[in-house]
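S.K.: coordinates only, sequence not included:
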Ligand code: DX5
Ligand code: ZN
């Protein structure tokens, strides 16, 4: 499986957002992870399609992976697609018909993904396994960066890997040099890291260390 490292823009310095997007791109990471929070699905607000559009304008060739922590992602798919999202991730716990919305994301010409909160059993993904390009297993309760990795979520990664050997499986939340190795051993191949990467003075070095340690796992 192709290993991918995704800095989460949530941990960037919002006063210098364009520079931070360029720093993430120059780090050699495969994609930028953009966390959209609606203050309803999660108890926090982040940013909307304008920041996705800023990322596209600033670094057009840097892939945009958009994580919708929203109760009604279905109302915003076109807006995020128009802003430049390339993968759209929707939560299995969201208040919409996922069979319909996963199909709509593909019809917009994008890749789709389903996201699973820590307390949600992985079996909830069973009906969608043939309809997804990627699965995201949350390793923190979504809403904030800088939280501690919940290792108890990792058997879900293994469950998915056993059923879909070629699926892109991502982990998000509390990922650092040590926890990424645990996730890789469980079967993950895509790693979102916010605070761990953005706090580095040399992000490129951290990305390459992360990549080597998960490749050896
Ligand atoms: C959590 C977000 C994450 C977050 C990760 O609600 O979905 O993407 O930015 O941040 P860290 O890596 O700091 O846990
Ligand atoms: Zn995220």
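M.R.: Good, I have the coordinates. Given the structure is predicted, the values throughout are model-derived calculations rather than measurements. Numbering: from 1, shown residues only. Ligands and ions are numbered 1, 2, ... in the order given.
S.K.: From ligand 2, how far out is whichever residue of the chain sits closest to ligand 1?
M.R.: Of all residues in the chain, residue 194 sits closest to ligand 1, at 2.9 Å by C-beta to the nearest ligand atom. All C-beta atoms are positioned from the backbone trio N, CA, C, and that covers glycine. Distance, residue 194 to ligand 2, by C-beta to the ion, to the nearest Å: 8 Å.
S.K.: Surely that residue and residue 11 touch.
M.R.: Yes: with contact defined as C-beta atoms under 8 Å, residue 194 reaches residue 11; the gap is 3.5 Å.
S.K.: For this structure, which residues are neighbours of ligand 1?
M.R.: In this structure, the chain approaches ligand 1 at residues 8, 10-11, 33, 35, 67, 140, 142-147, 172-175, 192-196, judged by C-beta under 6 Å from any ligand atom.
S.K.: Just the buried ones from those?
M.R.: Buried residues within those, counting neighbours by 16 or more other C-beta atoms under 10 Å: 8, 10-11, 33, 35, 67, 140, 142-145, 172-175, 192-196.
S.K.: hang on, the earlier thing: shared neighbours, residue 194 and residue 11?
M.R.: Counting by C-beta atoms under 8 Å, 6 or more residues apart in numbering, the shared contacts of residue 194 and residue 11 are 145-146.
S.K.: quick one on the thing from earlier: restricted to strands, list the residues of the chain next to ligand 1.
M.R.: The members of those that map onto strands under DSSP state E are 33, 35, 67, 172, 192-193.
S.K.: These: which two are farthest apart?
M.R.: 67 and 193 (13.3 Å; C-beta to C-beta).
S.K.: Could you tell me which helix of this protein is the longest one?
M.R.: Ordering each helix of the chain by length in residues (DSSP state H) puts helix 203-216 first.
S.K.: what helix or strand is residue 178 on?
M.R.: Using DSSP states H and E, residue 178 falls within helix 177-186.
S.K.: In contact with whichever residue of the chain sits closest to ligand 2, which residues?
M.R.: Relative to ligand 2, the nearest point of the chain is residue 67 (3.8 Å; C-beta to the ion). Neighbour list for residue 67: 33-36, 89, 115, 136, 172, 192 [criterion: C-beta under 8 Å, 6+ apart].
S.K.: For residue 118, give me its contacts.
M.R.: Listed by C-beta under 8 Å, 6+ apart, the contact set of residue 118 reads 138-141, 150, 152-153.
S.K.: Of those - the most surrounded one?
M.R.: Taking other C-beta atoms under 10 Å as the neighbour criterion, residue 139 ranks highest of the contacts of residue 118 with 27 neighbours.
S.K.: okay, that residue: pLDDT?
M.R.: On the pLDDT scale, residue 139 is placed at 99.
S.K.: Spatially nearest residue to it (excluding sequence neighbours)?
M.R.: The shortest distance from residue 139 to any residue other than its chain neighbours is 4.3 Å, reached at residue 173 (C-beta to C-beta, 6 or more residues apart in numbering).
S.K.: next one: residue 105
M.R.: Counting by C-beta to C-beta, 6+ apart, the residue nearest residue 105 is residue 112, at 3.9 Å.
S.K.: Run through who's touching the strand or helix carrying that neighbour.
M.R.: Per DSSP H and E: residue 112 is located in strand 111-116. Strand 111-116 is contacted from outside by 67, 86-92, 98, 102, 105-106, 122, 124-125, 128, 131-138, 142, 156, 168, 170, 172, using C-beta under 8 Å, 6+ apart.
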